[in-house]
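A.B. asks: Task: produce atomic coordinates for the following.
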Amino acid sequence: MTEQGALDAGESEEPIAGTDAGPADEYWAKRNLERIQSAHTRASKLFEAARDALASSREEAERLAREALTEAAHAYWFAEGTADAGAEHKYLHQIGRWTCKTFGCELVWGGTNYRTYCSVKLADKRFGLSVHFVARRLCSVCDQDVTECSHRRSRLYWVRGEKTPSGICRVCGNEDGCEHQPAKLYRAGVFRIVKDARLIEGSFVDVPADPLARPVYLEVETDALSRAVRMAFPDVPARCNHCLQPYHGLPESLNIAGLSGEKPTPTT
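C.D. replies: Numbering: from 1, shown residues only. Next up, the predicted model:
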């Protein structure tokens, strides 16, 4: 054995490709933790770069800060429902507060109402998009239809570090940039390769299966007077101070069917 979970082909203890390699619970938990940490690291580096750039270019610093907010929101969404959710959500607010205090934040006029694209505001509304579709789903271990093969997500399997016919790595699911080798066997989980998908419908849920299936903006309900002022003075910005408010903790579950005040617009 040359590395954790990997075997060189030809070793005496080499199992057979496609055979069971144990339970998958810890594997999937580790994979998700890696996603959380990776997004958090990107957010942290961007946030640090934004503060460093402030002295030389406010425009560049603001760009970096808002990219940091996006990555921090991703880290929180990956962590949602885990012990790391609170820390990631609070870190998102920390970046948001600095960004709002340093550059200010504006609502965007959408023609009939204001919109916010703020990552903090989006993360503070606990909902996402659940997509219902019909498709062929192929097993990453054996390339067969998942309804016809015996491989299950609750188990790990020994697979070679090679590409599937779809061009993705059987071990990590990446199309490129991976270091897995065809001559080695790895313990890997089962993922589904979707082919020929046909969309049926989309609906809002508290926690989507895909953590990043979130709205791209929220419509902010305003009264008739505010809209009239906007029409009369189109160049006057509408400020948002959401991130300057005291930290309120993790967002509560929403009654999706009764959403009011801020209406979500699904991703495309």
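A.B. asks: By residue count, which strand of this protein is the longest?
C.D. replies: The single longest strand within the chain, with elements called by DSSP state E, is strand 192-205.
A.B. asks: by contact count, what packs against that one?
C.D. replies: Applying 3 or more CB pairs under 8 Å, 6 or more residues apart in numbering; DSSP states H and E, we find strand 192-205 packed against strand 128-139. Glycine gets a C-beta too; all of them are placed from N, C-alpha and C.
A.B. asks: what angle separates the strand it packs on from strand 192-205?
C.D. replies: With axes from the mean of the first three to the mean of the last three CA atoms, to 10 degrees as the basis, strand 128-139 and strand 192-205 are set at 160 degrees to each other.
A.B. asks: Could you list every helix and strand in contact with the helix or strand following strand 128-139?
C.D. replies: Counting by DSSP states H and E, the element after strand 128-139 in chain order, helix or strand, is strand 155-160. The criterion is 3+ CB pairs under 8 Å, 6+ apart, and the helices and strands that strand 155-160 contacts are strand 20-23, strand 184-188.
A.B. asks: Now with 10 Å, please.
C.D. replies: For strand 155-160, the elements it packs on are strand 20-23, helix 25-53, strand 184-188, judged by 3 or more CB pairs under 10 Å, 6 or more residues apart in numbering; DSSP states H and E.
A.B. asks: ranking the ones you listed by burial, who's on top?
C.D. replies: Of all those, strand 184-188 carries the top mean neighbour count, a mean of 23, counting by mean count of other CB atoms under 10 Å.
A.B. asks: So what are the sheet partners of whatever helix or strand comes next after the longest strand of the chain and their directions?
C.D. replies: Using DSSP H and E, the helix or strand that follows strand 192-205 in sequence is strand 217-220. Note on strand 217-220: by DSSP bridges, its sheet partners are strand 114-116 (antiparallel), strand 262-265 (antiparallel).
A.B. asks: low pLDDT regions in the stretch 101-250 of the chain?
C.D. replies: Low-confidence segments of the stretch 101-250 of the chain, defined by pLDDT under 70: 224-233.
A.B. asks: any chance of the helices and strands packed on strand 155-160 in a markdown table, plus distance to residue 174?
C.D. replies: A markdown table is the format used below for those (distance: least, CB to CB, whole Å):
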| stretch | distance to residue 174 |
| --- | --- |
| strand 20-23 | 20 |
| helix 25-53 | 12 |
| strand 184-188 | 12 |
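A.B. asks: starting at the chain centroid, how far to the longest strand of the chain?
C.D. replies: For strand 192-205, the separation from the chain centroid amounts to 17 Å (computed by CA atoms, centre = their mean, to the nearest Å).
A.B. asks: Ok, stretch 137-144 next?
C.D. replies: 24 Å.
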